[in-house]
Structures are given as structure tokens and as C-alpha cells.
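Novice: Build me a structure from this.
(2 chains)
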Amino acid sequence: AQSVSQHNHHVILSEAASLELGCNYSYGGTVNLFWYVQYPGQHLQLLLKYFSGDPLVKGIKGFEAEFIKSKFSFNLRKPSVQWSDTAEYFCAVRATDSWGKFQFGAGTQVVVTP
Amino acid sequence: NAGVTQTPKFQVLKTGQSMTLQCAQDMNHNSMYWYRQDPGMGLRLIYYSASEGTTDKGEVPNGYNVSRLNKREFSLRLESAAPSQTSVYFCASSRGGRGLTDTQYFGPGTRLTVL
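Specialist: Sure thing, here's the model as predicted:
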């Protein structure tokens, strides 16, 4: 069974700072990879996803993520954050060679200060 | 397209009471899921339905039952609520299957408090 590890539970940074959130998974087969964002009091929204092809994927709101297969990693980045990026971010993995349940990381709470 | 809808948005129960959380999707998805979200624990799968007519346990099924009423609707029932079931509950759906690609879409959640 796959597992997902998010490196930081809580990140605080100032507006205009760069953001990088780490995500590692443990599964040897082919996977789909996702980052979801949850704004305060709201549901999870899809930020971006990787299925195949170019390992650098761009999502909404200026986010991007890079899949490094050799490191089993899928890190999320944003060059310059805004106060409105304050949210919880979840990495998720889906194994393609089984029924394909989605496994979520524990989440990273990001607080952006003005 | 409403996507995934859930009712109610908020609910307060007393220990021992029962209730059903409703979920519906209009994306013609085959698979539907129920998760609970607790601080620091991410999302934990309670039950899922890979396709209409099937349901299976997830990581934390104890104290819950589900019904896949039809392709659109998937309900979660708490027969005798306990304070440990205080949580935010999310329903999700996806196209499903063993295909190479699939994406989950989430409902707005139900915030449940059990006193």
C-alpha cells in the first residue's frame, strides 16, 4: 500500500517569499500525483495534478510542482506568495495498477503574513 | 454543474443519536468516497464505493455504515454517535476504475459535533 509523507506540518512566511512544500510517497508502481488546497472553512480544491509526461506541472494560482521519480517526490512551489495563499495544502497519491484508492498526506498548514 | 454536494453543512448531535449525511454528484462518476478530517491527521477514508452497487471499508469504518443509493448518491450513517466522531466529513467522487488517470473532486463538507 502506498503512503504519503509531507515534510512540514506548519509553515509561516511573509508575503512575496517563495514557498516550497515537500511531499514524498512510497510506492514502486505507476502513480498519479496531486496537490489540493483547503482555504479556511472550505473544501479541498485541486491545485494541480501529474499523470505522465513533463515532470514539471503548472497549476492554478501560480503554483507548480515537480515530479522526481528517482526520489519519489512531488514538491509544490510558488515563487512569490500572497496573503490569500494562507491555507492547508495536501499531497495525494493514487496507484494506477490497483483499484486506485487515493492516499493523502497529513497536510501542511501555510500562514502568509502581510 | 453543482459538482459534489453535501447536506447538512453543520450538525450537532448528542451521544447515542443517529444521523445520515447525504452526498450527491452530478458528474456521472462511478466512484464515491467518504472521508473524515481531523487536525494533524489529514484525510482518512471511512468507506468507498468503487461503482454503483458496491461498497467497501476504508481505514476507519468502525461506527459508520454507508449506502450507495444509485450512481449519484452515497450516504453515510452514524447509528449511535460518539464524541470521537466529532469531525469534518467530506464526500468525494471520481471517474473510478483501474485506468491510468483519475481525479477526486470534493464536496463542501459537513462539520459534525457530538456532545
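Novice: Is B:Arg111 within a helix or a strand, and which one?
Specialist: Counting by DSSP states H and E, the element that carries B:Arg111 is strand B:110-114.
Novice: Contact distance from chain B - what residues of chain A qualify?
Specialist: Neighbours of chain B within chain A, by C-beta under 8 Å from any C-beta of the partner chain: A:9, A:30, A:32, A:34, A:36, A:42-46, A:49, A:51-52, A:90, A:92, A:94, A:96-102, A:104-107. Just so you know, the C-beta spots here come from the backbone N, C-alpha and C atoms, and that holds for glycine as well.
Novice: swap the cut-off to 10 Å and go again
Specialist: Counting by C-beta under 10 Å from any C-beta of the partner chain, the residues of chain A close to chain B are A:4, A:6, A:9-10, A:30, A:32, A:34, A:36, A:38, A:41-46, A:49-52, A:88, A:90-92, A:94-107, A:109.
Novice: just to confirm, which helix or strand has the most centrally placed residue in chain A in it?
Specialist: Chain A has A:Trp35 as the residue nearest its centroid, 3.4 Å off, counting by C-alpha atoms, centre = their mean. Per DSSP H and E, A:Trp35 falls inside strand A:31-38.
Novice: mind saving the C-alpha coords of that strand as PDB?
Specialist: Only the C-alpha atoms of strand A:31-38 are listed here, as PDB (Å, rounded to 0.1, in the frame of the first residue of the first chain):
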ATOM      1  CA  VAL A  31       1.200   6.700  -9.700                       C
ATOM      2  CA  ASN A  32      -1.000   9.800 -10.200                       C
ATOM      3  CA  LEU A  33       0.100  12.700  -8.000                       C
ATOM      4  CA  PHE A  34      -2.000  15.600  -6.800                       C
ATOM      5  CA  TRP A  35      -1.800  18.700  -4.700                       C
ATOM      6  CA  TYR A  36      -5.000  20.000  -3.100                       C
ATOM      7  CA  VAL A  37      -5.600  23.300  -1.300                       C
ATOM      8  CA  GLN A  38      -8.100  23.900   1.500                       C
END
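Novice: What secondary structure category should be reported for the residue of chain B positioned farthest from its centre?
Specialist: Seen from the C-alpha centroid of chain B, the residue lying at the greatest distance (C-alpha atoms, centre = their mean) is B:Leu100, 24.1 Å away. Classification of B:Leu100 using DSSP: H, G, I helix; E, B strand; the rest coil returns coil.
Novice: Verify the stated contact: it with A:Ser52.
Specialist: Yes: counting by C-beta atoms under 10 Å, A:Ser52 is a contact partner of B:Leu100 at 7.5 Å.
Novice: and for the two, which residues touch both?
Specialist: Residues touching both B:Leu100 and A:Ser52 (C-beta atoms under 10 Å, 6 or more residues apart in numbering or on different chains): A:30, A:32, A:96.
Novice: among those residues, which ones are buried?
Specialist: In the shared contacts of B:Leu100 and A:Ser52, burial by neighbour count holds for A:32, A:96, counting by 16 or more other C-beta atoms under 10 Å in any protein chain shown.
Novice: so which of the shared contacts of B:Leu100 and A:Ser52 comes closest to B:Val88?
Specialist: The nearest member of these to B:Val88, counting by C-beta to C-beta, is A:Asn32 at 24.6 Å.
Novice: For that closest one, list each beta-bridge partner.
Specialist: A:Arg94 (DSSP bridges).
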